[in-house]
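J.: My questions are about this predicted structure, shown below with the sequence.
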Amino acid sequence: DESDDSELEDEGEGGRIIGGVYIPPPPIPVCSVENIGPRLIITHIVNINFKSYAGRQVLGPFHKNFTSIIGPNGSGKSNVIDSMLFVFGYRATKIRSKKLSVLIHNSEQHRNVKSCTVEVHFVQIIDKGSTQYEEVPNSKIVIARSANNDNQSQYQINGKNARFKEVTLLLRSHGIDLVHNRFLILQGEVEQIALMKPKAQTEHDTGMLEYLEDIIGTTRFKVPLQKLELKLEELNLDMQEKYNRIQAAEKETEVLKEPMQDAVHFLIKENEYTVIKNKIHQCIMHQASPLISASGMEKASLDSLLVEVKQKIKVINEELAVKEKLISAKNKELDVIKGKREHLKEIMAKSEKQSTELKLDIVHSNQKRKKAMESKKQLEQKVIVHLLITNLQLETQGLQDTLTQLSNKLIGLKNIRDDANAKVSFSCKPIRVLHSLIAKDDESNLKFTLRDVIVYFFLQFIPFWFTSKLDALPLKVVVKILTSLEEVNKRLREEERKSTEARTSLPNNQQELNEAEKELAEVKQKDHGLRQEINSLMAKTQEKRNQVQDRRSRGRVLDFIMKKKAEGIVPGVFGRLGDLGGIDAKYDCAVSTACGPLDYIVTDTVRTAKTCVELLKKHGVGRGNFIALDQQQGLISQYNRPIKTPENIPRLFDLIKVNDERVRPAFYFGLRDTLVANDLSQAKRCAYGSVRYRVVTLFGEIIEIAGTMSGGGRDKRTGRMGRSATVMTDGSSDDLVQMEQQLSGLKDQSNQVQQHRVSLEAKICRLKEEIKKSRIVLSSSEVELKELSQQEQQLNQQVNAQEAIATAASADPEVVEEMTQKLNKLKEELDIANKNSGEVEDEVKKVKSKIDAATGGKMKEVRQKLEKTTTKLNKVTAEITKLGVDIKAAARDEVKTTNRIATLTSEIAENEASILKSQEFSNDLIEKIEKMTKELESINNDISDLEKEIREMKITTNDLNKQISSLKATKLNEDQKMEAIEKNIKDNEHGIASRKKQLAALKLNEIPANDFVCDPGTKLITYSPEEIEEFDVAGLRYLHTQLDEQLNELRSNVNLNTIRDFKEKSEILEARINDYDEVTLQRNEVRKGHDEVRKARLNEFMTGFSIICSKLKEMYQMITLGGDAEFDLIDTLDPFAEGVQFSVRPPKKSWKNISNLSGGEKTLSSLALVFALHYYKPSPLYVMDEIDAALDFKNVSIVANYIKERTKNAQFIIISLRSNMFELADILVGIYKTYNCTKSVTI
């Protein structure tokens, strides 16, 4: 039907399909306002029997710019527009006809016309000026449409039949859009624009919104949006229905879920039980086969090794026996020397005690001797006085005169002597004595010098006094007394020297002893520290030996990889995981059981691990398991997060100590959040709580998260991790040889310290002996000095007594003569001295002043002592006088006194002999003690040497004992291995056959995979020898027992048919879920497409709406010379809900709705909108029918001039009866009618 052809829109390029709904593409703008290229124009129109045109009527030619069609009313002007509409595919109703057959000409002269045809001739031109143009070659287009009496029509393009779509596409390619453009303004259409509602009331009406959408092109979204909304609603209903079906299926499945899980759990347990049995059988067979095949060679090897070990033990025992004999001999020798030292010390102690006793005896004997001498001297004085009296009585009376004269002369001589003695004594000798005293500054010496002065005069005069009278008896006594006095003084000075030396050496020795004891304490502390360090290092060395032995026993793979690491081939290897960390011995069994990958080798990257695998394959060493740290970095955040454990039991991972934090992820890989409990009961409480945990006990019993238990039993796994990390990850691991060298160095250092300690102890012993000896010397010297001082005092008293006796006795004339001569000589010397007395006195004064200045008043003290001495001499004289009185009494006791003197003399001789003997014995003891001291030092040195030698020999024997212990341990280990080999051979030979039969009978249950359980497989694995070596047989056996008990408990409560029922229900549920997901996916796609289309419609509409509003305001202001017009969205949030309102403000008026304007104002407003739409969607040609009918002269001129301006790059064909309009046209086409047939003429 021709009515459908005009609005037909097929799917074209650029469109898309959403949810089965086609979304047309936006119209393609072909031309613009400033069209400067080729453009399409209508050259002329040929109407054949179309409406009022009878026959063939040619309208045109039309001007390329502005063509006006004029003619009287009813002449057929509008039929020109209708002919174009006919060709452009408009419905008959749009061409003011009910059907196509009405368009065929029918007049009195032309009846029964069968058809009508309209041809529109187009051509492309290039403007050359305002009037000139150039046709584009081969660009002519003739589009024709014919209508028949049967209301059928057909199209032709350049004489060939075509479809309307081809016509539309052809014109669209030249900028004439027959679907969306409004380049045709029909009669009365301008007024209709002013009457449009904001939005169409019904779907058949056209409102302002629909009008604008038709221009902008968003109308194409309306139908797809409606279809999508219907599709969306249908899909939502479908989703709800499928969701209800899913809920029903879920309820049915949920009922069977728990029985199914029980059944599946039972099957899984059976499979676990079968897998465990498979592993156990293969482990036993794997363990048995190598032992049977290699038992002979291994036994022979063990036999030879045992022989070698026994031989080594024998050799070392022999060497040890020799060393022990030597040590025993040395110990005996040491005991002998120590006994000798103790004996010597005892002798020394006794000798020292005896020496002290002798000194005390000497002191006691000396005191007795002194007392006897004192008594003897007193008696001798009595005897001397008695002799003097007797001799004097025998003198003749004749000598009395001479005696008197001599006495007088003697008195004068005494005066002279006293003067001379005074002068000589105080001019010469006292000064020298004082000088000596000042220089020495010693009170004892001062006393001794004054005594010498007295003795000097006494020796000068008294001996000669008694020479003739007393037979020199007093002289002998005095000489003897003075001799004894000199000996006493000599001994006194010697004892003072010894005492001074002892006092000096004692503090020095004491200080040296303190320093030596302090140094000995430091040496002992250092020795103690060295011993502790040696013990610690010995323990570490032994642990290192054990580690090396353990590492060797773990297999060739680890040794090979670590060797390649040391060679630098795989530097990224860290080592065996168990060697990279340490844990307290309390948790050894727990970590050895719970952490399976402890024997894995840790590497830095996957590339390093692959390199290790390639090396193992290349050298045929074996297979190894590796952990690449670069793949475990995601675990860091997991083990760093805080974890709250049941009963606050520790996480096993947190108890591991590492030297390198980089390897922590590897331990977490093996342990995860495994907890460690004290016993199985605590483990059950913690494992089966609201949050499931994997828990291991201190005895190796494990409760998995799934609830299964394993481990424990008698054969516990231990020793897979040490107390500390034994491998340094930086490549600088401790070397056993270096540790042994360090241990040897520490032992040498300890030996040196011990030697120094022995020397210090010997030195301390020597210093103590010297201090003890000095103290004995001080003690004896103190006693001796006291005794000698007393002797000195007594001798001085005796000298004074003898002087008094001599003074009282008569003088011999010859002696007097001799003394007189001596006195004369002394007088002469005195005279000489007197001459020099002035000089001497000056010198004495200077000396005294210097002495006073230097001594600070000590001379005064000396003078005082001299005065005391003079007083003492006076007392002695008085004593002598007293003795004279006693002479008379002594005469009476002469016999008695003589006997007493003899007795005292004998007693004195005995005491002196005893003293001399004691002194000789004491000297011998001192020499003996000195010899014993030297001998003791020699013995101490010998003891030190022997002790050092014994220590060295003990170190050697300790090393030998360690070797023997190691060899015995090796022997015991090898014996145990031999017993185990023989037992395993017997057991495995009987067990392999039965194990093979049991393996053949094993079969796994088939478990269907579903959302709740995973199929572990339906085929038992035959493991490689390397994999079997990693199995824990004891753990497998324990798990086998546990699973057997669990299966017996579950078997009575399980219905295996529930698995099939649950599978069927699950399949139904899964199918319904898939259907629901599919519908949901469709719904989402449709909803997404609906939203996208809605947004595209809104965005495209608002973009065009903004442009049109802006141009509308501009056009209206131009046409009305100052008015204003605009579009308002009634609903700014949704323009398509309420539509668009057209508001204008005529010049010098207020804002009004377009429906409230006058006719002319409505036309101007509508024309402003039409021109704005032309700007938004320009076209190469415009056809307008009487658009100026309602305008006044002024407004017609404005519109006509605007159209004239627009015709510079577009073709305008306007039907008008207003002169202001058609007078501006370039060509006028006149239409007139004669005999009801329309004709035309071009001017």
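T.: That came through fine. Residues are numbered from 1 along each chain as shown.

J.: Once you drop chain neighbours, what's closest to Cys595?
T.: Gly670 (4.4 Å; CB to CB, 6 or more residues apart in numbering). Yep, even glycine has a C-beta here, placed from its N, CA and C like the rest.

J.: Report the contact partners of the one you found.
T.: Counting by CB atoms under 8 Å, 6 or more residues apart in numbering, Gly670 makes contact with Leu577, Cys595, Gly596, Pro597, Leu598, Tyr600.

J.: The host helix or strand of it: how far from the chain's middle?
T.: Using DSSP states H and E, Gly670 falls within helix 664-671. Centroid separation for helix 664-671 versus its chain: 18 Å, with CA atoms, centre = their mean, to the nearest Å.

J.: tell me the helices in the stretch 451-600 of the chain, going along the chain?
T.: Using DSSP state H, counting those that start in this stretch, the helices of the stretch 451-600 of the chain run over 473-553, 556-566, 588-594.

J.: on contacts alone, who are the packing partners of the shortest one?
T.: It refers to helix 588-594. Secondary-structure packing of helix 588-594 (3 or more CB pairs under 8 Å, 6 or more residues apart in numbering; DSSP states H and E): strand 695-697.

J.: next one: the longest one
T.: Helices and strands in packing contact with helix 473-553 are listed as helix 222-394, helix 443-465, helix 556-566, helix 736-808; criterion 3+ CB pairs under 8 Å, 6+ apart.

J.: which residues touch stretch 746-756?
T.: Counting by CB under 8 Å, 6+ apart, 523, 526-527, 530-531, 533-534, 537, 944, 948, 951-952, 955 sit against stretch 746-756.

J.: What of stretch 223-233?
T.: Stretch 223-233 is contacted by residues 18-24, 1083, 1086-1087, 1089-1090, 1093-1094, 1097 when judged by CB under 8 Å, 6+ apart.

J.: Only the buried subset of the residues you listed, as a PyMOL command please.
T.: To isolate the buried ones among the contacts of stretch 223-233 in PyMOL, judged by 16 or more other CB atoms under 10 Å, type:
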select buried, resi 18+19+21+22+23+24+1083+1086+1087+1089+1090+1093+1094+1097
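
J.: what two of the contacts of stretch 223-233 are the furthest from one another?
T.: Spatially, the most separated pair among those is Pro24 and Arg1083, at 23.5 Å (CB to CB).

J.: who wins for proximity to Ile908 among the helices of the stretch 451-600 of the chain?
T.: With distances scored as CB to CB, the stretch of the helices of the stretch 451-600 of the chain nearest to Ile908 is helix 473-553 (11.3 Å).

J.: Figure out how far that closest one is from the centre of its chain.
T.: Its chain's C-alpha centre and that of helix 473-553 lie 53 Å apart, by CA atoms, centre = their mean.

J.: Could you tell me the angle between that helix and helix 222-394?
T.: Between helix 473-553 and helix 222-394, the angle comes out at 160 degrees (axes from the mean of the first three to the mean of the last three CA atoms, to 10 degrees).

J.: and the angle for helix 473-553 with helix 556-566?
T.: Using the same axes, to 10 degrees: helix 473-553 against helix 556-566 is 120 degrees.

J.: thinking again about what came up before, which stretch among the helices of the stretch 451-600 of the chain approaches Pro1147 most closely?
T.: helix 588-594 (96.5 Å).

J.: Please export the C-alpha coordinates of that closest one as CSV.
T.: This file holds the C-alpha atoms of helix 588-594, laid out as CSV (Å, rounded to 0.1, in the frame of the first residue of the first chain):
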residue,chain,number,x,y,z
ASP,A,588,59.9,-30.4,68.9
CYS,A,589,57.4,-33.3,68.5
ALA,A,590,54.5,-30.9,67.7
VAL,A,591,56.3,-29.0,64.9
SER,A,592,58.0,-32.2,63.5
THR,A,593,54.5,-33.8,63.2
ALA,A,594,52.4,-30.8,62.1
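
J.: Contacts for stretch 270-284, please.
T.: 708, 988, 991-992, 995, 998-999, 1002-1005, 1007, 1016, 1020-1023, 1028, 1031, 1033, 1036-1037, 1039-1040, 1043-1044, 1047.

J.: most packed of the helices of the stretch 451-600 of the chain?
T.: Most buried of the helices of the stretch 451-600 of the chain by mean neighbour count (mean count of other CB atoms under 10 Å) is helix 588-594; its value is a mean of 25.

J.: out of everything not next to it in sequence, what's closest to Val1033?
T.: Cys283 (5.0 Å).

J.: Kind regards, and thank you for your time.
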